[in-house]
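# sequence unknown, structure follows:
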C-alpha cells in the first residue's frame, strides 16, 4: 500500500481511512461492519456517500473492502480533477484571441 494512505482501526467494526496531506484533518472514508455486511462511507462535497461493499466473511473480506474503498476514492478524485480541468480549459479557451 502507498505511504500516503493510512487505515486506523477504531473498534472491532470500524476503520477510518486517512490520506496525506489530510492526516491532521478528518478521515476521508469509513469502513464499517453491520449485520454481517461491510459498508463504506465516503465524504464527497459535504454529502455522505454510502455503498454496500460485500458480505463479511473473514479478515480477507475487510482487506478486499479496503482496496475497494481506496479504488473508489481514487476514481472520485480523478473525476473531480477532470471536471476542474474541463472548466479550466473552457475558461482559457480563446485567451490568445484578445
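On my side now, so go ahead. Owing to the predicted nature of the structure, the values given are computational and were not obtained by experimental measurement.
# Go ahead and flag the most central residue of this structure.
residue 73 (2.8 Å; Cα atoms, centre = their mean).
# host element of it?
helix 59-92 (DSSP states H and E).
# what about that helix, distance to the chain center?
The chain centre lies 7 Å from the centre of helix 59-92; the measure is Cα atoms, centre = their mean, to the nearest Å.
# Next, the buried residues of that helix.
Within helix 59-92, the residues scored as buried using 16 or more other Cβ atoms under 10 Å are 61, 62, 65, 66, 68, 69, 70, 72, 73, 76. C-betas here are computed from N, CA, C, even on glycine.
# from what I can see the last one touches residue 51, true?
No - counting by Cβ atoms under 8 Å, residue 76 sits too far from residue 51 to count as a contact (11.4 Å).
# Need the overlap of contacts for these two.
Common neighbours of residue 76 and residue 51, counting by Cβ atoms under 8 Å, 6 or more residues apart in numbering, are residue 42.
# Find the least confident helix or strand in the chain, judged by mean pLDDT.
None of the helices or strands of the chain scores lower by mean pLDDT, DSSP states H and E than strand 47-55, at a mean of 74.
# Need the pLDDT of the residue nearest to the centre of the chain.
Turning to residue 73, the model gives it a pLDDT of 85.
# ok, it to residue 58 distance?
Counting by Cβ to Cβ, to the nearest Å, the gap from residue 73 to residue 58 is 24 Å.
# same thing with residue 88?
Counting by Cβ to Cβ, the gap from residue 88 to residue 58 is 46 Å.
# cool, residue 52 as well?
For residue 52 relative to residue 58 (Cβ to Cβ), the value is 18 Å.
# for residue 30, what are its contacts?
By Cβ under 8 Å, 6+ apart, the contact set of residue 30 is 14, 15, 16, 17, 40, 41, 42.
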